[in-house]
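# 3D model of this:
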Amino acid sequence: MQYDAIILAGGESSSELKKLAPYDNEALILIGKYPMIFYVYKALREADFIRNIVISGPVEAMRNLFNKEENLFFVESGSNAVESFLNGANLLNELGISEKVIILPTDIPFITTEAIEDFINRCSLDEADFYYPVTSKEVNDHKFPDVERTYVRLKEGVFTGGNLVFIRTAMIDEMIDIAIKLVLRRKNPLAIARLFGLELLCKYLMRKLSISAAEKRFFAVTNIRGKAIISPYAEVGVDVDKPSDLELAQKHLAKVSF
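Numbers count the residues shown, from 1 in each chain. Now for the predicted structure:
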């Protein structure tokens, strides 16, 4: 089975990042020898099951970066991540979109082909409408001990969210409203818990919330089957959104050559 992918490359660089890297678009920030988006694109392209890739961002700038790459397409980004995704999905619809689509942001230069393939393979073990990776604090601290992340304490352990999403394309329209709400609350676990009702919020505050209970409540509220995938790869969760992250990326990726 082959799948299409969308890279969200429309994000503006934060004012703090601009002090170290004077680029308006974070996808263009130079890390080692390459712009940040190169690392995400190369990890995707080398995965056996990836077919078409759409980059949703500043089209002219992206075309100037990628020369004669097969099955690579460009579309302008929207005013937010959800609109940028929809622009990419609409282009894929014209091409003949795959049954499921993987979505990635451009600010995860640590991502690897192995991490992506492992995530997709784990997704294949359960039938759901969308899949979302989480990684344990232990895994993250072992790989990236100096990175600060937002963690959630669940019955199964302490986890942080990943930066990939794998969705069933037939459910895209149904997912838009909840996607917007989740994106707005992505850095606030308490706000996300509150979104799904008092019972789930109380379980979360009492540290009695399990992954399966969260999935069941999500389905009850949205009629969408979500599945959390516990990934052994810290690379799915570490992004570059502040100077310390960029410095770490420069250190780890300085010698990478494609």
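
# Quick check: Ser79 is in a helix.
No. According to DSSP: H, G, I helix; E, B strand; the rest coil, Ser79 belongs to no helix; its state is coil.

# low-scoring stretches of the stretch 1-150 of the chain, by residue?
Where the stretch 1-150 of the chain drops to pLDDT under 70, the residues are 13-15, 18-21.

# Which stretches in it count as helices?
15-20, 36-45, 59-65, 81-95, 113-123, 137-143 (DSSP state H, counting those that start in this stretch).

# okay, the ones you listed, which one's buried deepest?
With neighbours taken as mean count of other C-beta atoms under 10 Å, these reach their highest mean count in helix 36-45, at a mean of 22. Yep, even glycine has a C-beta here, placed from its N, CA and C like the rest.

# Off-centre distance for that helix?
13 Å (C-alpha atoms, centre = their mean, to the nearest Å).

# Residues contacting it, please?
The contact list for helix 36-45 (C-beta atoms under 8 Å, 6 or more residues apart in numbering) reads 5, 7, 9, 26-31, 50, 53, 55, 57, 62, 65-66, 69, 72, 102, 104-113, 115-116, 240, 249, 253, 256, 258.

# which of those count as buried?
With burial judged by 16 or more other C-beta atoms under 10 Å, the buried subset of the contacts of helix 36-45 is 5, 7, 9, 26-29, 31, 50, 53, 55, 57, 62, 65, 72, 102, 104-112, 115-116, 240, 249, 253.

# Name all residues that make contact with the nearest residue to Ala9 once chain neighbours are set aside.
Nearest non-adjacent residue to Ala9, counting by C-beta to C-beta, 6 or more residues apart in numbering: Gly57, 3.0 Å away. By C-beta under 8 Å, 6+ apart, the contact set of Gly57 is Ile7, Leu8, Ala9, Gly10, Asn25, Ala27, Ile37, Phe74, Glu76, Ser77, Ser84, Thr106.

# just checking, which of the residues you listed belong to strands?
Under the assignment DSSP state E, those contribute Ile7, Leu8, Phe74 to strands.

# Identify, from those residues, the entry nearest to Glu215.
Nearest to Glu215, judged by C-beta to C-beta, of the ones in strands among the contacts of Gly57 is Leu8 at 24.5 Å.

# Same list, the contacts of Gly57, but as a markdown table with distance to Ile224 please.
Below are those laid out as a markdown table (distance: C-beta to C-beta, whole Å):
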| residue | distance to Ile224 |
| --- | --- |
| Ile7 | 23 |
| Leu8 | 20 |
| Ala9 | 26 |
| Gly10 | 25 |
| Asn25 | 31 |
| Ala27 | 29 |
| Ile37 | 29 |
| Phe74 | 29 |
| Glu76 | 28 |
| Ser77 | 25 |
| Ser84 | 20 |
| Thr106 | 26 |
